[in-house]
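Asker: Attaching a predicted model along with its sequence, questions to come.
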Amino acid sequence: MSNRLIVCLTGMPGAGKSTVASFLKEKGFATVTMGDAVREEAEMQGLEPTDPNLGKLMIKLRQDLGQGAVAHLILQKLARDGNADAVVIDGIRSIPEVEVLKKVGRVKLLAIHASRDTRFRHLVDRGRSDAPASSDEFAGRDRREFSVGISEAIALADETISNNDLTLEQLKHQAYDIVKGWLEEAKNS
């Protein structure tokens, strides 16, 4: 097994994973977003990248290829993009995905947690094509995340950050402090 550190970010939609991933990218980490892998797959299949379409595709991939399906797409992407020593994977949703990634490096799981209200606000402010239009749609998205095992990934995280009252800077720096510790560990093992 390589000494490559793979930092997997997990958490419910809108918790702050992408903010942490972008910051780590600025710090030199190769960054891969699980959602982007699903969006690319949707594009190859000629699907509109709407939230319902992406959700159905994510579930179909898991039914066809097993619970670690999206992580297999990520492995292909990592192989294409070269072998960085430190990788951040934004949007881990299940422990089987973590198990797939353990084949290519030392995996650490960081959960970002935020309340429902905070997350809804983040998603609406972010303004991506798959942002929820209503609280009902948001609740449906949460249920879908639970159905693929995200609660287990959050529960089994190596570290957790609560992002209800943090500024963007505080979130970034808390995450970076944790990851720096993991980098030291990886270097010294």
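Answerer: Arrived safely. Residues are numbered from 1 along each chain as shown.
Asker: Could you give me the buried positions within the helix or strand hosting C8?
Answerer: Using DSSP states H and E, C8 falls within strand 5-10. Within strand 5-10, the residues scored as buried using 16 or more other Cβ atoms under 10 Å are 5-10. Glycine gets a C-beta too; all of them are placed from N, C-alpha and C.
Asker: what does the average pLDDT come to for that strand?
Answerer: Taken as a whole, strand 5-10 has a mean pLDDT of 96.
Asker: after that strand comes which helix or strand?
Answerer: Remark: after strand 5-10, the chain's next helix or strand is helix 17-26, criterion DSSP H and E.
Asker: what does that next one contact?
Answerer: For helix 17-26, contacts defined as Cβ atoms under 8 Å, 6 or more residues apart in numbering pick out 7, 9-11, 31, 33, 88, 90-91, 110, 112, 126, 168, 171-172, 175-176, 179.
Asker: about what we covered before: so what strands line up beside the strand holding C8?
Answerer: Here strand 5-10 is paired, per DSSP bridges, with strand 86-92 (parallel), strand 106-113 (parallel).
Asker: Could you check the angle the worst-scoring helix or strand of the chain on mean pLDDT makes with strand 86-92?
Answerer: Least confident helix or strand of the chain, by mean pLDDT, DSSP states H and E, is helix 69-81 with a mean of 85. Put simply, helix 69-81 runs at 150 degrees to strand 86-92, going by axes from the mean of the first three to the mean of the last three Cα atoms, to 10 degrees.
Asker: what packs against helix 69-81?
Answerer: strand 30-33, helix 34-44, helix 51-65, strand 86-92, helix 95-101 (3 or more Cβ pairs under 8 Å, 6 or more residues apart in numbering; DSSP states H and E).
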